[in-house]
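Asks: Show me the folded form of this:
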Amino acid sequence: MAIVPLVKVTLYGPAAEKDAVLDGLQSLGCVHLNDLRPGAGEAVASSQSDARQALRYLWDSPVRRPELQQSEDVDVDAVVKEALEIRDRSRALAEEREQLHKWITDLEPWGDFELPEWAAQGALRFWFYIVPLYELQKLDAVTLPWKVVGRDHRFAYVVVIADEQPMKMPVPAAPLEPRSLAKLRQRFAQVERDLEELDYRRIGLTLYTDVLRETLDETDDRAARQQAGVRAMERDQLFAVQGWAPSRQAPVLRQFGAQRGLALTIEPTSAEDNPPTLLDNPPVLRGGEELVEFYMTPAYRLWDPSKAMFFSFAMFFAMILSDAGYALLLGVILLAMWRRMGLTASGRDLRDVTLAIVVFSIVFGVLVGAYFGVEPPAGSWLASLHVLDAHNQTLMMWIAIGVGAAHLTYANLVTAWLRRHSPTALSAIGWAAVILGGFGAGLGKSYPELMSLADVGLWALAVGGLLVVLFTSERPFSLKPIQVFGRLLDGLKGLTGCSKAFGDVLSYLRLFALGLASIKLAEAFNTLAATSFALKGVGVLLGLLVLLVGHSINFAMGIMSGVVHGLRLNLIEFFNWSLPDEGERFQAFEKKAMKAAE
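Replies: Below you'll find the predicted structure:
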């Protein structure tokens, strides 16, 4: 279990020293503060939104200069102002460039011209029409002067001269930009040069990203201290500040209180307390925490599913991707982004998760013998590792169901351990027996050689169901008829969860369905490409295009499906059985500037 044990810490001291104590406590960075004055005020918001936008804009620059040393003097306000001006100007020019490109495309069929004033607003005006070729004959009925000034394989470009807009044209008039094609191209080139100049200025400002980030961190630290001061209690020239801290930090806090002459109480958690949850996992597995907290934070008295989710998510992703070739391609992408992802803590966590995904996907892809939709040649060493027939739908369905049954059984066994001091733990064990028993009974019925497994499964179903009926209720044990009846009624209500258990286990069939779809799509694209290659000549180019586009689409769909459904099976099916309550995330009162420097 990786939920860190916490203790309740309360510090008391002279009100005149409150700010200094809070600054020291923030430097320690190990306490989650409680609000001792609820409703006294909202958090003090930082006024650095512009600076944050500027920092994000500079940080997202595709090219960055080495950061300036933080000891040098920098006019941060000027940097922020210039960065935002560059951002806004770049966005405006990018929109203009897109519009100019559209106008140029629209004008090219008409040629390079600019209407005189009389043709645009005089008594006789030019009206422009883009007429489909199959409707061109309808212009024979038009009595006004008209002329086809251009055509392509789909349209004729027609100019009509009239004092008012003609009413019987087959298509509505086309609005054209009044500037000539030459002027539009000239402006387009100027916009391109301006955007290039702005990009150079943006790259130049990336010199100050570290300085800007440090300034923002210091501002946030001041705001956090002000907020902590609002939450502290003051009375009779004394102040009190309270929070939760890891129990291992108790000696540090005692030393802190003694050095400053503060009164200090450290209390263990009680049944009435609702502490925040602090997860602590090895650095390599910390990506599991990000996956868990993406959806919820476990309650303090439950358990940390980070490790279980780390490995199960990687396994589910691998079963959905079902191709060692795609897994190797994903590994190449990861290798290319390795250093960039290592720049931040969250990036390193994501990198570790992706590495696990790559390893699991390669292993499973080798087991099912899929390499970009191609099976290894018979007799090769890769063929000797091909032990799972992905086209055997019955086998792969039972593997997916077995994975689901094992996953949910583990969830129930964890729940039973958490309830080990309560008789309701037997109910969770009963559900584990029901799930495994149902899987064994179904598997035995499908494979006659495993018929004995079906008998064991039926017994497990019966015993598990009995445990659910007898121990689901949280009512106290009593021989009074009303209590016995109430417990049995609660148990029967609990037994209605069989449909939920059945549905949740079958949800894991998506692993089989999506994996088979990935394999079949890859094979289909390979077949189409082979047919094109047989034509030779242009067919070779077409076949290469089919391979490139087809496998790119299948690869992208595999990644999206692996992420969405890999998370879904953990966050919905698994969590529903093992994490009934949500908690509050532990937020340390710490100095961002100091943490960034480390």
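
Asks: Look at the most far-flung residue of the chain relative to its centre and tell me its secondary structure.
Replies: Each residue of the chain has a distance to the centre, and by C-alpha atoms, centre = their mean the biggest one is for residue 143: 62.8 Å. Put simply, residue 143 is coil when judged by DSSP: H, G, I helix; E, B strand; the rest coil.

Asks: pretty sure residue 11 is in contact with residue 28, am I right?
Replies: No. In this structure, residue 11 is not within contact of residue 28 by C-beta atoms under 8 Å, at 11.2 Å. Any C-beta I mention is one placed from the backbone N, CA and C, and that applies to glycine too.

Asks: These two: who's more crowded?
Replies: residue 11 (23 against 16; other C-beta atoms under 10 Å).

Asks: quick one: that one is in a strand?
Replies: Yes. Assignment of residue 11 by three-state DSSP places it within a strand.

Asks: residues touching it, list them.
Replies: Residue 11 makes contact with 21, 25, 240, 241, 242, 257, 262, 263, 264, according to C-beta atoms under 8 Å, 6 or more residues apart in numbering.

Asks: Strands of this structure, start to end?
Replies: Remark: strands assigned in the chain by DSSP state E are 6-14, 32-33, 125-132, 146-151, 155-162, 233-235, 238-246, 263-268.

Asks: what's the spacing between residue 249 and residue 33?
Replies: 14 Å (C-beta to C-beta, to the nearest Å).

Asks: Same check on residue 370?
Replies: Distance of residue 370 to residue 33, computed by C-beta to C-beta: 53 Å.

Asks: Hmm, residue 264 is touching residue 8, no?
Replies: No. With contacts counted by C-beta under 8 Å, residue 264 stays clear of residue 8, the gap being 11.3 Å.

Asks: in the stretch 51-200 of the chain, what spans have low per-residue confidence?
Replies: 69-72, 119-122 (pLDDT under 70).

Asks: quick one: the helices in the stretch 251-400 of the chain?
Replies: 287-293, 306-321, 324-336, 338-341, 345-368, 381-384, 393-418 (DSSP state H, counting those that start in this stretch).

Asks: now residue 4, nearest residue through space, not along the chain?
Replies: residue 278 (4.2 Å; C-beta to C-beta, 6 or more residues apart in numbering).

Asks: Just to check, the one you found is in contact with residue 247?
Replies: No. Between residue 278 and residue 247 there is no contact under C-beta under 8 Å: 10.6 Å.

Asks: So for the two, which residues contact both of them?
Replies: 4, 6.

Asks: So for the two, which sits in the more crowded spot?
Replies: Counted by other C-beta under 10 Å, residue 278 and residue 247 do not tie: residue 278 has more neighbours, with 23 against 13.

Asks: check contacts around that one.
Replies: Per C-beta under 8 Å, 6+ apart, neighbours of residue 278: 3, 4, 6, 32, 246, 586.

Asks: quick one: which two of these are the most distant?
Replies: 3 and 32 (13.5 Å; C-beta to C-beta).

Asks: Need the per-residue pLDDT for residue 42.
Replies: Per-residue confidence (pLDDT) for residue 42: 49.

Asks: now swap in residue 570 and tell me
Replies: Note on residue 570: pLDDT of 93.

Asks: so it sits right up against residue 313, yeah?
Replies: Yes. The pair residue 570 / residue 313 is scored as a contact, 5.9 Å apart, by C-beta under 8 Å.

Asks: Quickly list what's touching both of these two.
Replies: With C-beta under 8 Å, 6+ apart as the test, residue 570 and residue 313 both reach residue 291.

Asks: Just the buried residues of stretch 346-353, please?
Replies: Using 16 or more other C-beta atoms under 10 Å as the test for burial, stretch 346-353 gives 348, 349, 350, 351, 352, 353.

Asks: wait, doesn't the fourth one sit right on residue 336?
Replies: Same thing as residue 351. No. Judged on C-beta under 8 Å, residue 351 makes no contact with residue 336 at a distance of 11.9 Å.

Asks: do you know how far the residue nearest to residue 486 when sequence neighbours are not counted is from residue 485?
Replies: In this structure, residue 486 finds its nearest non-sequential neighbour in residue 475, 5.4 Å apart by C-beta to C-beta, 6+ apart. To residue 485, residue 475 is 10 Å away according to C-beta to C-beta.

Asks: quick one: which of these two has more around it?
Replies: Higher neighbour count among residue 475 and residue 485: residue 475, with 13 against 10, using other C-beta under 10 Å.

Asks: What are the phi and psi values at the more buried one?
Replies: With angles defined as degrees, to the nearest 10, residue 475 sits at phi -70, psi 150.

Asks: What of the one 4 residues further on?
Replies: According to degrees, to the nearest 10, the main-chain angles of residue 479 amount to phi -90, psi 0.

Asks: how close does it sit to residue 485?
Replies: For residue 479, the distance to residue 485 (C-beta to C-beta) stands at 11 Å.

Asks: need the helices for the stretch 401-550 of the chain, in chain order.
Replies: Remark: helices assigned in the stretch 401-550 of the chain by DSSP H, counting those that start in this stretch are 425-446, 451-471, 481-495, 498-507, 509-535, 538-568.

Asks: Throw the ones you listed into a markdown table and include distance to residue 409, thanks.
Replies: Output for the helices of the stretch 401-550 of the chain, formatted as a markdown table (distance: least, C-beta to C-beta, whole Å):
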| stretch | distance to residue 409 |
| --- | --- |
| helix 425-446 | 5 |
| helix 451-471 | 11 |
| helix 481-495 | 17 |
| helix 498-507 | 10 |
| helix 509-535 | 16 |
| helix 538-568 | 19 |
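
Asks: Which members of the contacts of residue 11 are classed as buried?
Replies: Taking 16+ other C-beta under 10 Å as the criterion, what is buried in the contacts of residue 11 is 21, 25, 240, 241, 242, 257, 262, 264.

Asks: which residues of this structure score low on pLDDT?
Replies: In the chain (pLDDT under 70), the answer is 1, 38-48, 69-72, 119-122, 593-598.

Asks: let's see it at 50
Replies: Residues of the chain meeting the criterion pLDDT under 50: 1, 41-47, 597-598.

Asks: what about residue 366, how many neighbours?
Replies: Count around residue 366 with other C-beta under 10 Å applied: 19.

Asks: nope, residue 392 is what I was after
Replies: 11.

Asks: what do you get for residue 86?
Replies: Residue 86 has 21 nearby residues by other C-beta under 10 Å.
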